[in-house]
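Enquirer: coordinates only, sequence not included:
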């Protein structure tokens, strides 16, 4: 009989790249799901007593995502699979690393006793298995604060919200080594009943998600994480709103009409109220107040810090969404300068405040979904830094997926600092608290470090201003001919390039022979941006001689050079890090006849 581990792995094998199922130990989940998935309708699954409420939700999501993945991944065969390819679930199902059915049985009360308090270990349960996560807490990709929410209890209620855990086999792969026993069956039954009640009595947190384009390559739909197909990146200099990449950590905030009408931005000046001689320590501004300020428009590129993480996984597996090159887009943002907002709130001279006492100060931001991040005040108040409180995107109101009603735009910085659904800003002597600023999520560890306990995260900066990047979006032979190994053919390539910090792209180099020779691409759109304020990408084109490889393919690589003459490194291995952040190695693309 299959152990719990084998059953979960078998389901993982069947549902690779899709939400994982939570199953009850008394059923035969692999057989049940396989039969239903191939022969039954959603109504049949809903009426079955063999699958839990979470399994039903997962089944429905699987059907929808199957269609998306089959269509989009087939349309871009060179794109890395959304699930890292360094682990083969089918092979994992062949044997158990640890047979959980032979481990001790614990009760929920025993799990609750081990909640990390008073020096105790941290236990939690999931799917009928008990885990000791004490040594894993520091390495949790979502931050130690999040995982500790489930300390001494069941994981299921939290994964009901944080469904990114179902987008790949990585969570279960990491948990395998942490299993210490089974949960008493009647206690797991109680958890299943609790989850069924949650599903029945509470609105699905993802019930009001916006409608998205079928064109996007979806890595996970709850929360939505989707990228632009490579060939579409350079189809328009300003990315159409429906094609703009999406990176969410939670459900998209849904505002009722009354909440929209009464929406206010809170500006907390408490730490400096006395220095500034302010009567009001906390100021609130309505949308009308903000829109009365001078409107500024800035064209800026946003890129997910994990863009091209998928190219790192063949070196060694990382933790996080396995993005291709499509987690990058560009828009025209409209709104009020941050400094104008601060002045309206009572800060007469934001720059003087930034310089006061010579201490580092931070602009802390908080969103409606409780996401927190910060930037240094030098960037926030720089009159040439173009930081906005934006309410428009490509001349339209911000879409819900991209921050409605307000978001911060921090040109030249990692997209995570461009906080969506803004509800509060604060000037502070300390950077923002929480996972996205101080946790492992957005900190680039050295290549040799895979255990966050071995470093002091507090001494490592989070990603802010980013490096130089480029990508190849289309390739075609200048003259149609059969590709014979050893021949040299002319290839026309197009793509994009961008650098953080406002550094202009001064050159894009293209090679068709692995770097032995280079051709400088012609910079097209975006090449006329102001020096030091080049917040948006450039498009480029190039014809380059390329050698046909032994397997009949032709490979072209790009590397961009910015205003500071930073250049992309050749090897992804040199920049590998456990979180898969900031991959700016040469971008490679290939074609075959």
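Expert: All right, it came through fine. On a predicted model such as this, the values are computed, not experimentally measured, just so you know. Numbering: from 1, shown residues only.
Enquirer: Just the element for residue 425, please.
Expert: Mapping residue 425 onto the secondary structure by DSSP states H and E places it in strand 422-428.
Enquirer: Can you list the neighbours in contact with stretch 260-267?
Expert: Contacts made with stretch 260-267 from outside it, assessed by CB atoms under 8 Å, 6 or more residues apart in numbering, are listed as 255, 282-287, 290, 341-342, 345, 389, 405-406, 422-426. C-beta: built from backbone N, CA, C; applies to glycine.
Enquirer: try stretch 574-586
Expert: Among residues not part of stretch 574-586, those counted as contacts by CB under 8 Å, 6+ apart are 139, 141, 305-309, 311-313, 315-316, 318-320, 440-447, 449-450, 452, 463, 466-469, 515, 557-559, 568-572.
Enquirer: Now a PyMOL select for only the buried ones of the residues you listed.
Expert: Here is the PyMOL selection string for the buried members of the contacts of stretch 574-586, based on 16 or more other CB atoms under 10 Å:
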select buried, resi 139+141+305+306+307+308+309+311+312+313+315+318+319+320+440+441+442+443+444+445+452+463+466+467+468+469+557+558+559+568+572
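Enquirer: Just the contacts of stretch 574-586: which are in helices?
Expert: Cross-referencing the contacts of stretch 574-586 with the helices (criterion: DSSP state H) gives no overlap at all.
Enquirer: quick one on the thing from earlier: just the ones of the contacts of stretch 260-267 in helices?
Expert: Residues of the contacts of stretch 260-267 located in helices (DSSP H): 287, 290, 341, 342.
Enquirer: now, which of the residues you listed sits nearest residue 511?
Expert: For the ones in helices among the contacts of stretch 260-267, the minimum distance to residue 511 (CB to CB) is 46.3 Å, reached by residue 341.
Enquirer: any idea how far that closest one lies from residue 418?
Expert: Plainly put, residue 341 is 16 Å away from residue 418 if you go by CB to CB, to the nearest Å.
Enquirer: what's the neighbour count on residue 272?
Expert: 19 (other CB atoms under 10 Å).
Enquirer: Can you pull the phi/psi pair for it?
Expert: Residue 272 has phi and psi values of phi -120, psi 10 when expressed as degrees, to the nearest 10.
Enquirer: quick one, what contacts the residue lying closest to it once chain neighbours are set aside?
Expert: Ranked by CB to CB, 6 or more residues apart in numbering and with sequence neighbours excluded, the top spatial neighbour of residue 272 is residue 427, at 5.9 Å. Under the criterion of CB under 8 Å, 6+ apart, the neighbours of residue 427 are 268, 269, 271, 272, 342, 347, 353, 361, 362, 363, 364, 377.
Enquirer: residue contacts, the nearest residue to the fifth one once chain neighbours are set aside?
Expert: By that I understand residue 342. For residue 342, ignoring the flanking residues on the chain, the nearest one in space by CB to CB, 6+ apart is residue 350 at 4.8 Å. Counting by CB under 8 Å, 6+ apart, residue 350 makes contact with 339, 342, 343, 377, 380, 381.
Enquirer: Emit the ChimeraX select command for whichever of these are buried.
Expert: What follows is the ChimeraX syntax for the buried subset of the contacts of residue 350, where burial is set by 16+ other CB under 10 Å:
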select :339,342,377,380,381
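Enquirer: In the contacts of residue 350, find the pair that's most separated.
Expert: 343 and 377 (14.1 Å).
Enquirer: Roughly how far does the spatially most central residue of the chain sit from residue 403?
Expert: When CA atoms, centre = their mean is applied to the chain, the residue found nearest the centroid is residue 247 (4.9 Å). Residue 247 sits 12 Å away from residue 403 when distances are taken as CB to CB.
Enquirer: For residue 549, see how far away residue 591 is.
Expert: In this structure, residue 591 and residue 549 are separated by 11 Å, where distance is defined by CB to CB.
Enquirer: if we can go back for a sec, in JSON lines: the ones in helices among the contacts of stretch 260-267, plus distance to residue 195 and pLDDT.
Expert: What follows is the ones in helices among the contacts of stretch 260-267, written out as JSON lines (distance: CB to CB, whole Å; pLDDT from 0 to 100):
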{"residue": "287", "distance to residue 195": "39", "pLDDT": "97"}
{"residue": "290", "distance to residue 195": "42", "pLDDT": "98"}
{"residue": "341", "distance to residue 195": "43", "pLDDT": "98"}
{"residue": "342", "distance to residue 195": "46", "pLDDT": "96"}
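Enquirer: of all those, which two lie farthest apart?
Expert: Maximum pairwise distance among the ones in helices among the contacts of stretch 260-267 (CB to CB): 17.1 Å, between 287 and 342.
Enquirer: before we move on, back to that, quick one: which of residue 591 and residue 549 has more around it?
Expert: When residue 591 is set against residue 549 and neighbours are counted by other CB under 10 Å, the residue ahead is residue 591, at 19 against 16.
Enquirer: any idea of the mean pLDDT in the strand holding residue 425?
Expert: For strand 422-428, the per-residue pLDDT values average out at 97.
Enquirer: go on, stretch 530-547?
Expert: Stretch 530-547 carries an average pLDDT of 97.
Enquirer: for that stretch, the distance to its chain's centre please.
Expert: Relative to the centre of its chain, stretch 530-547 is centred 25 Å away, using CA atoms, centre = their mean, to the nearest Å.
Enquirer: Quick check: buried residues in that stretch?
Expert: In stretch 530-547, residues buried by neighbour count (16+ other CB under 10 Å) are 533-542, 544, 546-547.
Enquirer: Mind listing residues that contact the very next helix or strand once past the strand holding residue 425?
Expert: If you walk from strand 422-428 toward the C-terminus, the next helix or strand you reach (DSSP H and E) is helix 435-438. The set of residues external to helix 435-438 that reach it, using CB under 8 Å, 6+ apart, is 142-143, 145-146, 249, 371-374, 416, 431-432, 441-442, 457-458, 462.
Enquirer: Go again with 7 Å.
Expert: Contact with helix 435-438 is made by 142-143, 145-146, 371-374, 416, 431, 441-442, 457-458, 462, as judged by CB atoms under 7 Å, 6 or more residues apart in numbering.
Enquirer: can you check stretch 408-419 too?
Expert: The set of residues that contact stretch 408-419 without belonging to it, under CB under 7 Å, 6+ apart, is 247, 298, 300, 302-305, 333, 365, 367, 371, 373, 375, 379, 386-390, 407, 422, 436, 442, 463-466, 500-502, 535.
Enquirer: now it, how far from the chain's geometric center?
Expert: Distance of stretch 408-419 from the chain centroid (CA atoms, centre = their mean) equals 14 Å.
Enquirer: Quote the end-to-end distance of it.
Expert: End-to-end distance for stretch 408-419, by CA to CA, to the nearest Å: 5 Å.
Enquirer: before we move on, what about stretch 117-136?
Expert: End-to-end distance (CA to CA), stretch 117-136: 16 Å.
Enquirer: Any figure for the gap between residue 204 and residue 222?
Expert: Computed with CB to CB, the distance linking residue 204 and residue 222 is 9 Å.
Enquirer: more neighbours, the two?
Expert: Counting neighbours by other CB under 10 Å for residue 204 and for residue 222 shows that residue 222 has the greater number, 24 against 14.
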